[in-house]
Structures are given as C-alpha cells and as structure tokens.
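> Only the shape, not the letters, is given here:
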C-alpha cells in the first residue's frame, strides 16, 4: 500500500498505543477508510450530541427476524450511512452473509476510493457477543 495523503491519517480504531514509539497508533490510506467505516457502523445514530447525524441505526435490527425485508433495510441503512459519512468512497455493493447458528450477520461492503478508483472490500461483523456464555437452565 503506497502512502496517499489525501486518503487521510488518524488514530487507529480501536485506539491503541504503539509501544515502539510510545505514541498513539495511527492508520492511513485504505486502513484509515476501513476503520472509518467501522466507526460509522458501530456508532449508534444520534449518540454524539455534537454530531447527531453521525453513525448508523444497526442496533435497531439486533432483535428483529432477519427476513428479506430486514436484510434490505440493513443494506439500505449501511448504504445511506456510508453515503453521508464517508465521502472518500463510492459504495459499489453491500452483501449480507447470514450465519444463524452463530447469530452473526456479516456485512460485506465493496467500495471504490473516489480519487484513485481503486476497488476494495470490507467485511463488518454485525453481532453482539454478550450473553453467549450463559448456561441454559437445568443444563
């Protein structure tokens, strides 16, 4: 990956410290775009008081039946969020992959970097793993 200043540079997500330089780990270029996509999709819409339009409403789908209608709503929500929140890319495709036995929906975003026309793929694992170690009553 060659450095591309116009693609951006910022703190890594999640925030980490680089032990070798004793500073914050940074991301740049396509890594920075992928991390920006993660931040957008992980942030609940309306949770930032100074930027109420920042984020995505994926949390609204956590306990819904994942039928064709819900799948299309998730796809449109992701497309809309990325259109509004990540101006460096053009979303080419959003595909959901379901793993019902694991309670996981993977969101695969294929995008093109606007300035370079380079195509990339990013998989966002949409799941919440809290409560997965609960023992069943009587088991």
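Yep, that arrived. Remember, it's a predicted structure, so these values are computed and weren't measured experimentally.

> Quick one, grab the pLDDT at the spatially most central residue of the chain.
With the centre of the chain defined as its mean C-alpha position, the nearest residue by Cα atoms, centre = their mean is residue 38, 2.9 Å away. Looking at residue 38, its pLDDT is 90.

> same question, residue 112
What the model reports as pLDDT for residue 112 is 90.

> Distance of it relative to residue 82?
Per Cβ to Cβ, to the nearest Å, residue 112 is found 12 Å from residue 82. Using the backbone N, CA and C atoms, a C-beta is placed for each residue, glycine as well.

> any common contacting residues for the two?
Listed as contacting both residue 112 and residue 82 by Cβ atoms under 8 Å, 6 or more residues apart in numbering are residue 89.

> Mind checking which of the two has more residues around it?
Counted by other Cβ atoms under 10 Å, residue 112 and residue 82 do not tie: residue 82 has more neighbours, with 22 against 14.

> helix, strand or coil for that one?
helix (DSSP: H, G, I helix; E, B strand; the rest coil).

> quick one: the residue nearest to it when sequence neighbours are not counted from residue 29, how far?
Excluding the flanking residues, the one nearest residue 82 by Cβ to Cβ, 6 or more residues apart in numbering is residue 91, at 5.2 Å. For residue 91, the distance to residue 29 (Cβ to Cβ) stands at 18 Å.

> And for residue 100?
Counting by Cβ to Cβ, the separation of residue 100 from residue 29 is 36 Å.

> Compare the two and say which one has the larger neighbour count.
Between residue 100 and residue 29, residue 29 has the larger neighbour count (other Cβ under 10 Å), namely 19 against 8.
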